[in-house]
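**Student:** coords below, sequence missing:
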């Protein structure tokens, strides 16, 4: 835990440090002390909050592009045929 | 020899072929062409089978296949279709301290309301290859930085700096999308 006193009108962490740690913060890759410090800073700082909000937007937009694993049966067949020609015994029939 | 030839074949079938959809996706990211990607997938699996004895038991089959695919692509691709060299020292310097871009609240709210799928897909596709590879491996295939670093043959810090730089490029693309789509008035991104 960060034990430094919290001022109501002044962030505990300076903006440069917060911005530098922001991607790691949004990725959940910070340790608990840094995570708490950046969170507090972003919640209070009018300069850094828009960076965090927009960072979150792009991270979520990219994450939404993760697609379920879909097997391409035609390609699998083609790869298996090529592997058989190279000597792989496979239980799959074609 | 404890393992029979049958065990060897079965192990390849079970371990390597289960990653075919992931290798296909990675190949499409590398080639940006479905037909070339299919050729690359086949070449990847042939190379993997020829070198199956070098695969470490218990190793990460997916990362191993990605490494083979990337090496095969870099060997076979026309030079002009490959990586435009990025000076990683410069990149590191750019990425150090380069957090997310800022956008005013109305822009963030507008972007949060609309479907960003097509815009972000286009933006990812237009990233320089070295950045796109990292986005593909870390963000879409969800490899750890260390795994992606192994696949790309670069230090972990380079993966991290390329990822952060790529995200800023994607943010710029989303801002442009917001303007083009009439979601917001003309604006300029605020750098930290």
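**Tutor:** Everything's here; your move. On a predicted model such as this, the values are computed, not experimentally measured, just so you know.

**Student:** only C-alpha atoms from now on, for both contacts and neighbour counts.
**Tutor:** Fine.

**Student:** run a quick neighbour tally on residue 60.
**Tutor:** Using chain A here. When neighbours are counted by other Cα atoms under 10 Å in any protein chain shown, residue A:60 registers 13.

**Student:** meant chain B, my bad for not saying
**Tutor:** Neighbour count for residue B:60, taken as other Cα under 10 Å: 13.

**Student:** and it, what pLDDT?
**Tutor:** For residue B:60, the pLDDT comes out at 86.

**Student:** tell me the residues of chain A that contact chain B?
**Tutor:** A:16-17, A:19-23, A:48, A:50-55, A:57-59, A:61-66, A:69-72, A:75-76, A:78-79, A:82-83, A:86, A:88-90 (Cα under 8 Å from any Cα of the partner chain).

**Student:** among these, which are in helices?
**Tutor:** Those of these mapping onto helices are A:16-17, A:19-23, A:50-55, A:57-59, A:61-63, A:75-76, A:78-79, A:82-83, per DSSP state H.

**Student:** just the buried residues of these.
**Tutor:** Those of those that meet the buried threshold are A:19-23, A:50-55, A:57-59, A:61-62, A:75-76, A:78-79, A:82-83, by 16 or more other Cα atoms under 10 Å in any protein chain shown.

**Student:** would you say residue B:123 is within a helix?
**Tutor:** Yes: counting by DSSP: H, G, I helix; E, B strand; the rest coil, one finds residue B:123 located in a helix.

**Student:** which ones are touching it?
**Tutor:** B:170, B:173-174 (Cα atoms under 8 Å, 6 or more residues apart in numbering or on different chains).

**Student:** most neighbours, which of these?
**Tutor:** residue B:170 (26 neighbours).

**Student:** excluding its backbone neighbours, what's nearest that residue?
**Tutor:** Nearest residue to residue B:170 in three dimensions, chain neighbours excluded: residue B:123, at 6.0 Å (Cα to Cα, 6 or more residues apart in numbering or on different chains).

**Student:** what's the spacing between residue B:140 and chain A?
**Tutor:** Look at residue B:140 and chain A: by Cα to the nearest Cα, to the nearest Å, they are 5 Å apart.

**Student:** actually, residue B:146.
**Tutor:** For residue B:146, the distance to chain A - Cα to the nearest Cα - is 14 Å.

**Student:** pull the helix or strand with minimum mean pLDDT from chain B.
**Tutor:** helix B:88-95 (a mean of 57; mean pLDDT, DSSP states H and E).

**Student:** which SSE is immediately downstream of that helix?
**Tutor:** helix B:105-113 (DSSP states H and E).

**Student:** would you mind listing the outside residues contacting that next one?
**Tutor:** A:50, A:53-54, A:57, B:178, B:183-184.

**Student:** pLDDT weak spots in the chain?
**Tutor:** You didn't pick a chain, so chain A it is. A:1-11, A:92-94 (pLDDT under 70).

**Student:** meant chain B, my bad for not saying
**Tutor:** B:1-3, B:78-97, B:185-192.

**Student:** what does it put close to chain A?
**Tutor:** B:6, B:9-10, B:13, B:20-22, B:38, B:41-42, B:45-46, B:49, B:96-105, B:108, B:111-112, B:116-117, B:120-121, B:139-141, B:164, B:167, B:170-171, B:192.

**Student:** how far away from the center of its chain is stretch B:98-112?
**Tutor:** Stretch B:98-112 sits 24 Å away from the centroid of its parent chain (Cα atoms, centre = their mean, to the nearest Å).

**Student:** can you pull the buried residues of it?
**Tutor:** Buried-residue list, stretch B:98-112, by 16+ other Cα under 10 Å: B:98-103, B:107-108, B:111-112.
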